[in-house]
Every structure is written in C-alpha cells, then in structure tokens.
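Colleague: got a predicted model here, sequence first, then my questions.
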Amino acid sequence: MGQTLDQLANCLGATVHGDGTQVVNGCAAINRARPGDITFLANRRYSRFLETTEATAVLISSDEPCPDGITRLVCTDPYFAFRNAMVELHGYREHPTPMGCNDQHVSEDAIIHDTALIGEGTRVHPNVTIEQGASVGTGCHVYPGVYIGKDVSVGNDCILYPNVTIYDRCELGNRVIIHGNSVIGQDGFGFATHKGAHHKIPQDGNVVIEDDVEIGGGCAIERATMGSTRIGAGTKFADLISIGHGTTIGSHCLLVSLVGIAGSVDVGNYVVLGGQTGVTGHISIGDGVQALAQTGIVGDIEPGSVIGGAPAIDADMAKRNALAGMHLSELAKRIKKLERRAAKDTDDG
C-alpha cells in the first residue's frame, strides 16, 4: 500500500523538500526508477542519474547537490533511510503455512523425536527432521528438508531455509537466519599425519551462533575440535563462505561471498572481509579491519587496518602494486632494451 511523501518522511525522520502529497508505492534504483517510486543517493558515483531519474522523490543528504524540480527527502543517512523505506513499502518476506500441518503449524510429514521441544508459533514444514533432545524456540520458521541434530538448541524467531543442516549440540541464538543448503557444525578438518596416513581427530566441540546473525546460502561452519567455533552477534555472511574449526568471528562483522577462514583464527568486531579473501590459520585479525577483495591474510593484522593483496599489505600500496603489475610486459621489454644498449656500450668501450 502506498504512502504520501509526508507520511513516509515522518516514518523515516526525513524532511520533504517539494510536494509532500505525492504518493509512492515502491523503491527502485536511481537509474531504473519510475513515477511512483522513491529512490536514494548514497554514492556520488550515481549522482549523474539525478538529471534523468523518473523517480517521484529521492532520499538524499543535505550536502548533496540536486537539480531543481526533484522532490527530495533530506536525511542524515540516505542508505539507511532507503532500508527503512523498503520495510515500510515492501515489508519482509511472508513465510508460507506448512502443507499438511496440524493446529500447531507442524507438518504431519515432519519427523520429530518425542523428546524434542517446539516453541509456540513455530512452523515446521514437511520433510524436516528434529532429533532427540533438540529444542526450537518460539516463532521460528523451519523450511522443508531441514535437519536439526541431537541436542541442538535453536532460539526464538529463527528462520531456517530449505535443506539447512545443523549437526548435534550446536547452538543458535535468537533471530538467526540461515539460508538454503548451509551446514552448521560438520566435523572440522582435523587430521594427524603419521607414517604417511592421515588419521582423523575426533571433533568434540560445537558451533555457537549468537543473536541476529544471518548466514547466506551454501556456507559451511565447522565444529571445533574442542570448545566452540563461534559467530558473534549481528555478524552477516554472504554466500559460499567456509569457516574452519575453532575460529571465532566477532560481533557485527561482514563477510562477502567466497571468504575462506582456516581454523583457530580470532577475528575481532566490525571486521569486513571482501569477496574471495583467504585467511590462514592460527592468526588474529583486530577490530575494525577492512580487507579488499581477494586479499590473502597470512599473519596477524592490527586493529583498524585497511589491507589488500596477497600476502596482505596496506590497501593503498596493494592498489599501486596492482596497477604497476598491469604494465609488467611493457616494463620487461624496456629492461631488455636497456640491457642490450648497456651491453653494446660495453663492447664499444
């Protein structure tokens, strides 16, 4: 259902500059918006689209130049305001009612052990398996094909999408979201090599996922050999991320797709790892570290560092090295030419 710009601005804490009686029905990117949409400008690289956008209004900061004739909703953080506008105008995904369910919204085709506990308002779809001693809190949504192992604890208001697997004794906090085909708590990659053979080390720990964590599709988080592999509160994973056994990820971190972290790594709070970043084992990454895409982290990183390259160095230096590397062939030719000239001068001398 649409809202007037005045109504929406009141929800967002924004100030309307223009006709606040106009109605918007949805959100769209600045270069694809149509009349009836609200858009946003949070990156100045897209400011050129202000001249041509068809959006009814734009969320924008007070210090950003804007052509005349565009209705603005001025706010301090346009990207966060856009997020809130998405909530107001589009809302979150609505979860379907399980097929063949009873009065408790639990499908008759789910396999649930007699000792398992299911909280009030939790919906369980067909082909879900919940093992002995497991507990699932209130208001959760468990999609088809989910496996919840023995003595697993799942908090309140969690969403487990299709084919998520949670191995025995793992713990999930409240409001955890795990997307399809992710695996939590499989055995860590632990082997002792003796006389040419790799002997499996029992993985006796678990995985603890704290409140408000979101795990993307196809991720794998290994259980610890001893103790816990831990993912801190508010941390968000994209897709296809691998976390080694005994690693601790701090609170409110962001890990982009294809990050791989080996075992026994301590990652601080508010760390951002770009796509395809690789981290070797038994190191420490300080609070607030930011790593560019494809960074190779092979040693301890001081808090607040911005790094890139493989092995990781200061990000600005990594960028300069990458730019220089684009001309290596030309540089090699110049060096050979100088060597030939030097050799000729030596012979003539």
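Modeller: Good, I have the coordinates. Numbers count the residues shown, from 1 in each chain.
Colleague: is residue 207 located within a strand, as I assumed?
Modeller: Yes: assessed by DSSP: H, G, I helix; E, B strand; the rest coil, residue 207 belongs to a strand.
Colleague: how near is it to residue 167?
Modeller: 8 Å (Cβ to Cβ, to the nearest Å). For the C-beta atoms, the positions are set from N, CA and C on the backbone; glycine is no exception.
Colleague: then residue 180 would be within a helix, right?
Modeller: No: according to three-state DSSP, residue 180 belongs to no helix; its state is coil.
Colleague: so how far is the lowest-mean-pLDDT helix or strand in the chain off the chain centroid?
Modeller: Ranked by mean pLDDT, DSSP states H and E, the helix or strand of the chain with the weakest confidence is helix 328-348, at a mean of 86. Offset of helix 328-348 from its chain centre (Cα atoms, centre = their mean, to the nearest Å): 50 Å.
Colleague: what of stretch 17-30?
Modeller: Distance of stretch 17-30 from the chain centroid (Cα atoms, centre = their mean) equals 29 Å.
Colleague: just to revisit the earlier point, more neighbours: residue 207 and residue 167, which one.
Modeller: Neighbour totals were compared for residue 207 and residue 167, and residue 207 leads with 27 against 22 (other Cβ atoms under 10 Å).
Colleague: which strand residues bridge that one?
Modeller: residue 229 (DSSP bridges).
Colleague: ditto for residue 59
Modeller: With DSSP bridges as the rule, residue 59 is bridged to residue 40, residue 73.
Colleague: quick one: residues contacting it.
Modeller: Neighbouring residues of residue 59 by Cβ atoms under 8 Å, 6 or more residues apart in numbering: 12, 14, 38-41, 72-73, 75, 78, 81-82, 85.
Colleague: return the member of the residues you listed nearest to residue 189.
Modeller: Using Cβ to Cβ, residue 82 comes nearest to residue 189 of the contacts of residue 59, at 40.6 Å.
Colleague: nearest residue to that closest one other than its sequence neighbours?
Modeller: Counting by Cβ to Cβ, 6 or more residues apart in numbering, residue 82 lies nearest to residue 40, which is 3.9 Å off, once chain neighbours are set aside.
Colleague: please report the distance of the one you found from residue 14.
Modeller: If you go by Cβ to Cβ, the gap between residue 40 and residue 14 works out to 11 Å.
Colleague: just checking, residue 88 touches residue 14?
Modeller: No: if you go by Cβ atoms under 8 Å, residue 88 and residue 14 don't touch, sitting 11.6 Å apart.
Colleague: these two - which one has more neighbours?
Modeller: For residue 88 versus residue 14, the count of surrounding residues by other Cβ under 10 Å is larger for residue 14: 23 against 17.
Colleague: list phi and psi for that one.
Modeller: Backbone torsions of residue 14, given as degrees, to the nearest 10, read phi -110, psi 170.
Colleague: low-confidence ranges, the stretch 101-250 of the chain, go.
Modeller: For the stretch 101-250 of the chain, applying pLDDT under 70 flags no range at all.
Colleague: surely residue 170 meets residue 183?
Modeller: No: Residue 170 is not in contact with residue 183 according to Cβ under 8 Å; the separation is 10.3 Å.
Colleague: shared neighbours of residue 40 and residue 14, which are they?
Modeller: Contact criterion Cβ under 8 Å, 6+ apart; residues shared by residue 40 and residue 14: 59, 81.
Colleague: please settle this for me: is residue 45 part of a helix?
Modeller: Yes: remark: residue 45 belongs to a helix, assigned using three-state DSSP.
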